[in-house]
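[1] Show me the folded form of this:
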Amino acid sequence: MEAGNNHNAPLASLTDYNKLANNLVVDLKRLRSFSEKLNLHQSISSIDDVLQRIEEKTFWVAVVGEFKRGKSTFINALLGQEILPSDIEPCSATLNRVTYSLNSYVEVEFIDGEKEKIAIDELANYVTKLTPEAEAKAATVKEAVVYYPATYCKNNVDIIDTPGLNDDPSMTGVTLSVLPRVDAAILVIMAQSPVSEVERDFLENKLLTNDLGRVIFVVTGIDRCNRPGDADKVIASVKKRIREYVLERAAQQWGENSAEYEVYLKKIGDPKVFGLSAYQALEAKHSKDDELLAESRFVEFEKALEQFLVRERGAIELQVPLNRAIATSGEILSTINIQESALKMKLEDFEKTYETSIAEIAELRSRKKDEMQLIDKAAENVRYNVRPLLNKLEDDLKQTALQVIDSTTITSKDLNNKKALAEKLGRKVSTSLQNAGQKLADKIQIEIQRGLVEEVDRLKDFANSVVTVLNRIEMQFIDVEANSNRKRNAGGEAIAAALAVFTGFGGIWSGFRTAGVKGAAVGAAGSVGTAIGAGVLAGLIGFPITWPALIAISVVSVFTGGWLTKLVFGGEQLETFKENYKEAIIKEIEKQLKSNPINHKVEDHISTSFEHLKQTLSQEVEALLDNTQSTLYELNRKRQQNETQTEAEHKELDEIRAETERILGSAQRRSQELVEIMSV
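    Here you go, the predicted model:
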């Protein structure tokens, strides 16, 4: 009963969430043992899946930004020790991931798959560009995992130190590659040069497309602001500029009067911008100087980060085991009701009710097959809708590239430095190509989401039918007059629990209506059927990052190639330069699209998305039907053998019922509390 008291304590910190998570694991294991006694095999499997997810799930927070912005120093300030290498020159050349461990060491994973365990003080020799030898070694490293007893990593939070943007294309590529896999990002901006063009491009075309609701902005170096009030002015300016960029992009993409524009604004909310001095914070933690720590403003940020992890991560992830506890509790209570009542029925009445119930379950399974076919048709309809968009891709990219080249002023003086001119024009074309591809990717993403949401909404009727039939089966075995109170409570809990199985469906719909992609992800993640959230929506969010960047990066690499330089600058005549350059770019676009058939990838992605929906529907419906059917089969066996319930069995079922009702009540209260937290 102590666990139940802990369940009722207010949630205020990561510690409280950890306690609740631990209590939920205990409760789920209790429900698992009850399910074993009652032969509810599907419930056992579902609980095992959730317990495994709790054990394995990590929350990745990536620290990103331009080179020489103090990202490593910032992470060191979070850790309270100088763990990651830092320098005034561009330093990090690989992904460095900090994860929790009582013992401090580093495991380096190389590109060829080999791994090497090293001491933390050797890390700089493997992941930096501080010496030619270290840079050569870093080129062979895939990732360095730093195991360290960091407070922020205790709750399965991993902190990712990324290479600096705009250092060189390969380093930027490493950062882009990790974005679809992270759960949150901290963009580090320097107070002395806030929101550069590189940062603006990264914000608009990378972070915004991933999910701005998961981005925190840190303006570091405020200790270098000389005059009083300058730091606050810089922070306010950064916040204003970030919001303007968001508004400009949303208005350009959707139109200011569109519903999508309103959804985008709701999803973004008010950007979280914190000004601080990571250098002062690290020094203060070393020397235990509370006054300097307060001056650094780091404590304010750390409190906000903890609340962010509590609300954005804790509330979402805890809803999954809570919903499983609710669903399984309902199944257990329903099974006990049927068992106790069925053994008291006359054999003739039991057999009639049994046959009717088995037939109803078979009918639901038949309807489930029909629903699967309808989902396949919906997937084909989405593929049909996106094909015209895909067919326009090549023409859109070519037209965009030509417009950029035509609009760029080039003088004869520019031709004196041919390589610099090629790189400058290449960057402009690349950015424009990526923006054009991004717009098209957004449209495709919306079509896929719309198709999924429509199917999810349509499936509500089937979900309700399953709940209604199973509830009716339970009622047929219960003496309503003798069990009126129990029926009203336990039966009502069973309906609520069964509906909770489909919360992912309804959650996606309501979340999408109110908060766009971010809300949809929250709705899905808070469900038992999280294959939709993890497998589909997360993929859709990450999808626009990888597609346009693939073409853009490939085109950039050609701009400095020897054959292109020769083609473009074979003659020194300015009037022929643009035409030759256009021809080269058009050929490269055609080559890249031919070698990377985007249309096949998109159609495969659509198929995978709807397959996740089918798998989730089948898994959750079968869990409910199998549990009920197994209970009926076992009861039929007992009735045919004239078995009766012993006093010991009756007492054990009463104990199981009482403990299950306690777990159910606690889970429902906590679930409602988390819903309220997520709505803040």
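
[2] Count the residues that sit near residue 36.
    The number of residues packed near residue 36 is 12, by other C-beta atoms under 10 Å. Yep, even glycine has a C-beta here, placed from its N, CA and C like the rest.

[3] who are the neighbours in contact with it?
    The contact partners of residue 36, taken as C-beta atoms under 8 Å, 6 or more residues apart in numbering, are residue 44.

[4] Next SSE downstream of the helix or strand that contains it?
    Element membership of residue 36, judged by DSSP states H and E, is helix 14-37. Downstream of helix 14-37, the first helix or strand assigned by DSSP H and E is helix 41-56.

[5] Helix 14-37 and that following helix, what's the angle between them?
    Using axes from the mean of the first three to the mean of the last three C-alpha atoms, to 10 degrees, the inter-axis angle of helix 41-56 relative to helix 14-37 is 150 degrees.

[6] Now the element after helix 41-56, going C-ward?
    Once the chain leaves helix 41-56, the next helix or strand it forms, by DSSP H and E, is strand 59-64.

[7] Neighbouring strands of that following strand in the sheet, and parallel or not?
    Take DSSP bridges as the rule and strand 59-64 pairs in its sheet with strand 157-161 (parallel), strand 184-190 (parallel).

[8] Determine how far that strand lies from the middle of the whole chain.
    In terms of C-alpha atoms, centre = their mean, to the nearest Å, the centre of strand 59-64 is found 12 Å from the chain centre.

[9] what's the answer for stretch 375-395, then?
    On the basis of C-alpha atoms, centre = their mean, stretch 375-395 sits 25 Å off its chain's mean C-alpha point.

[10] in the stretch 251-400 of the chain, which spans are strands?
    In the stretch 251-400 of the chain, strands defined by DSSP state E, counting those that start in this stretch lie at 273-276, listed in chain order.

[11] what's the weakest-modelled helix or strand in the protein?
    Considering only helices and strands, the least confidently modelled element of the chain by mean pLDDT, DSSP states H and E is helix 531, at a mean of 29.

[12] shouldn't residue 140 be in contact with residue 113?
    No. Shown here, residue 140 and residue 113 do not form a contact pair, counting by C-beta atoms under 8 Å, at 11.3 Å.

[13] Neighbour count for the two, which is higher?
    Using other C-beta under 10 Å as the criterion, residue 140 and residue 113 rank with residue 140 on top: 13 against 7.

[14] What are the buried residues along the helix holding residue 36?
    Going by neighbour count (16 or more other C-beta atoms under 10 Å), the buried part of helix 14-37 is 14, 17, 19-21, 23-24, 27-28, 30-32, 34-35.

[15] Name the residues of stretch 629-640 that come out as buried.
    By neighbour count, and taking 16+ other C-beta under 10 Å as the criterion, the buried residues in stretch 629-640 are 629, 630, 631, 632, 635, 636, 639.

[16] now stretch 645-657
    By neighbour count on 16+ other C-beta under 10 Å, the buried set for stretch 645-657 is 653, 656, 657.

[17] Can I get that stretch as CSV, trimmed to CA atoms?
    Taking only C-alpha atoms (Å, rounded to 0.1, in the frame of the first residue of the first chain), the coordinates of stretch 645-657 have been written out as CSV:
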residue,chain,number,x,y,z
GLN,A,645,-14.8,-22.4,-7.4
THR,A,646,-13.2,-23.3,-4.1
GLU,A,647,-13.2,-20.9,-1.1
ALA,A,648,-9.4,-20.4,-1.5
GLU,A,649,-9.9,-19.5,-5.1
HIS,A,650,-12.7,-17.1,-4.3
LYS,A,651,-10.5,-15.4,-1.6
GLU,A,652,-7.6,-15.1,-4.0
LEU,A,653,-9.8,-13.5,-6.7
ASP,A,654,-11.1,-11.0,-4.1
GLU,A,655,-7.5,-10.1,-3.2
ILE,A,656,-6.6,-9.7,-6.9
ARG,A,657,-9.7,-7.6,-7.4
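
[18] quick one: that stretch to chain centroid distance?
    For stretch 645-657 - counting by C-alpha atoms, centre = their mean - the centre lies 44 Å from the chain centre.

[19] Could you pull up the mean pLDDT of that stretch?
    Here stretch 645-657 scores 87 as its mean pLDDT.
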